[in-house]
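structure for this input, please:
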Amino acid sequence: MSDDEREDLEHIVVEYYTQHLNHLSTEILELLKDLSKEFGVAIIVITHNLGIVARYADRVNIMYAGRLIERGTCKEIYHNPRHPYTIGLMHSVPRLDQPRKTRLDPIEGQPPEMIDLKPICSFLDRCKFAIDRCSNEVPPLREVEEGHLSACWVAEELGDSEKP
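Predicted coordinates for the structure are as follows:
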């Protein structure tokens, strides 16, 4: 990479497949983290691995059915999720701060058919917090706390009562 190309570099995009968890991929992520600091660029990691997100992310975007449904700092997303899908994700993966035998709670149901998305909340059929409004319109991504956005009509009510 030439000096001119380095000056134009704004971000690095990495798609991280869960099945590739091994020592080499950890080394690559550490190298990318160092490069990010050295060149002052952002790294965008696309992954389903919440452990990678917790370790390497400063800010997190959660997507469901092709839509951005929650955005915030890593700390906010992990400690105060404000979308039912994010809450479901947090309850469905093992946690190092919980006993090993802690029961995981999978997200019930199936994702919507992407070819025929309706103009309603895409998580409606899987959501235990759904209200009538969810079946009538798509919730917009809106700020529920400073710098923390959620596309859920009941995001403010989810707060502390549903901590993972």
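
so where's the longest helix in this structure?
Longest helix of the chain, by residue count under DSSP state H: helix 23-39.

what about that helix, distance to the chain center?
From the chain centre to the centre of helix 23-39 is a distance of 21 Å (Cα atoms, centre = their mean, to the nearest Å).

give the buried residues for that helix.
Neighbour-count burial for helix 23-39, counted by 16 or more other Cβ atoms under 10 Å, picks out 29, 32, 36. Quick note: C-beta positions are derived from backbone N, CA and C, even for glycine.

check contacts around the nearest residue to the first one once chain neighbours are set aside.
In other words, L29. In space, and not counting its chain neighbours, L29 is closest to Y56: 5.9 Å by Cβ to Cβ, 6 or more residues apart in numbering. Shown in contact with Y56 (Cβ atoms under 8 Å, 6 or more residues apart in numbering): 29, 33, 43, 45.

and the nearest residue to I120 once chain neighbours are set aside, how far from M114?
Once flanking residues are discounted, I120 sits nearest to S135: 5.4 Å by Cβ to Cβ, 6+ apart. As judged by Cβ to Cβ, to the nearest Å, S135 and M114 stand 19 Å apart.

between those two, which one's more packed in?
It is S135, of S135 and M114, that has more neighbours when counted by other Cβ atoms under 10 Å, with 12 against 9.

biggest separation within the contacts of Y56, which pair?
K33 and V45 (10.0 Å; Cβ to Cβ).

still on that earlier bit, and the pLDDT for the residue nearest to I120?
S135 is assigned 96 on the pLDDT scale.

how far away is L31 from I44?
L31 is 16 Å from I44, by Cβ to Cβ.

pLDDT below threshold where in the protein?
Low-confidence segments of the chain, defined by pLDDT under 70: 1-9, 12, 14-24, 95-96, 98, 160-164.

where do the strands of this protein begin and end?
Along the chain, counting by DSSP state E, strands occupy 11-16, 42-47, 59-64, 67-73, 142-145, 148-150.

could those strands be laid out in CSV, adding distance to P119 and mean neighbour count?
Below are the strands of the chain laid out as CSV (distance: least, Cβ to Cβ, whole Å; neighbours: other Cβ atoms under 10 Å):
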stretch, distance to P119, mean neighbour count
strand 11-16, 29, 12
strand 42-47, 26, 14
strand 59-64, 15, 17
strand 67-73, 12, 20
strand 142-145, 17, 14
strand 148-150, 19, 22
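
I107 is nearest to which of those strands?
Nearest to I107, of all the strands of the chain, is strand 59-64, at 10.0 Å by Cβ to Cβ.
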